[in-house]
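Chemist: Next input, structure requested:
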Amino acid sequence: MDVTTAVHSRRAYRSLGSVPIDESLILDLATHAQLAPSCFNNQPARFVFVFDPATLAELHDALSANNEWAKAAPLIIVAFSKKEDDCVIREREYHQFDVGLATGFLILRATELGLVAHPIAGYSPKKTREVLGIPDGYQVITLVVVGKKAAAPSPVLTDKQAAAENARPERLPLANIIHFNHFAPPTT
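Modeler: Reported below is the predicted structural model:
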């Protein structure tokens, strides 16, 4: 699979089935994340790959109610960093951007491997840090829920979530997100 195919086939499905998680898969995903660019090659991104059933059960307590579906996943990856590990240029804190890049590389590799890697914002960073022993100085940026796409919709999905399983959510028109040479407000 090439990058274009991975980008176009990547979806944030919520109906997940199990897939075997082993050290070689984790190292594969981590290696791809590690190769992402970062400010001055500081590589601030840190990841905890949670696949132990008991630890996953504890981490489930950090999920918001709308992420009940994530409990079916055999792997949750916690992406985090701290400001001091990366460039801070005036008010720009690059660690968040650099974690995003590394997570994006990881997600594309998971897609290439036939997996769903769904980043979420619905979780408690404090509970996540407590469960995994991540020190307070680190900012939990996202959780990435990983599994195989299930054949049938998950029964815990809301109607809106279930509808999104059938079709890619609509994207904004390119005219709303790109500008040529200068910013120009969208005409529609």
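Chemist: Strands of the protein, start to end?
Modeler: Shown for the chain, the strands assigned by DSSP state E span residues 16-17, 46-50, 75-81, 88-89, 92-93, 116-120, 139-149.
Chemist: Pull out the buried positions in stretch 66-81.
Modeler: Of all the residues in stretch 66-81, those buried under the rule 16 or more other Cβ atoms under 10 Å are 67-81. Just so you know, the C-beta spots here come from the backbone N, C-alpha and C atoms, and that holds for glycine as well.
Chemist: For residue 170, state which of these is nearest.
Modeler: residue 69 (21.1 Å; Cβ to Cβ).
Chemist: which ones are touching that closest one?
Modeler: By Cβ atoms under 8 Å, 6 or more residues apart in numbering, the residues touching residue 69 are 14, 15, 16, 154, 156, 157, 161.
Chemist: So the first one sits against residue 154, correct?
Modeler: Read that as residue 14. Yes - with contact defined as Cβ atoms under 8 Å, residue 14 reaches residue 154; the gap is 6.2 Å.
Chemist: Have a look at the two and say which one is more surrounded.
Modeler: Taking neighbours as other Cβ atoms under 10 Å, residue 14 and residue 154 compare with residue 14 leading, 28 against 19.
Chemist: Residue 35 versus the residue nearest to that one when sequence neighbours are not counted, what's the distance?
Modeler: Distance criterion Cβ to Cβ, 6 or more residues apart in numbering; nearest residue to residue 14, sequence neighbours excluded, is residue 69 at 4.3 Å. Relative to residue 35, residue 69 is positioned 30 Å away (Cβ to Cβ, to the nearest Å).
Chemist: Which pLDDT value does the model give the residue sitting nearest the centre point of the chain?
Modeler: The centroid of the chain falls nearest to residue 119 when counting by Cα atoms, centre = their mean (2.8 Å). Note on residue 119: pLDDT of 98.
Chemist: Many thanks, have a good one.
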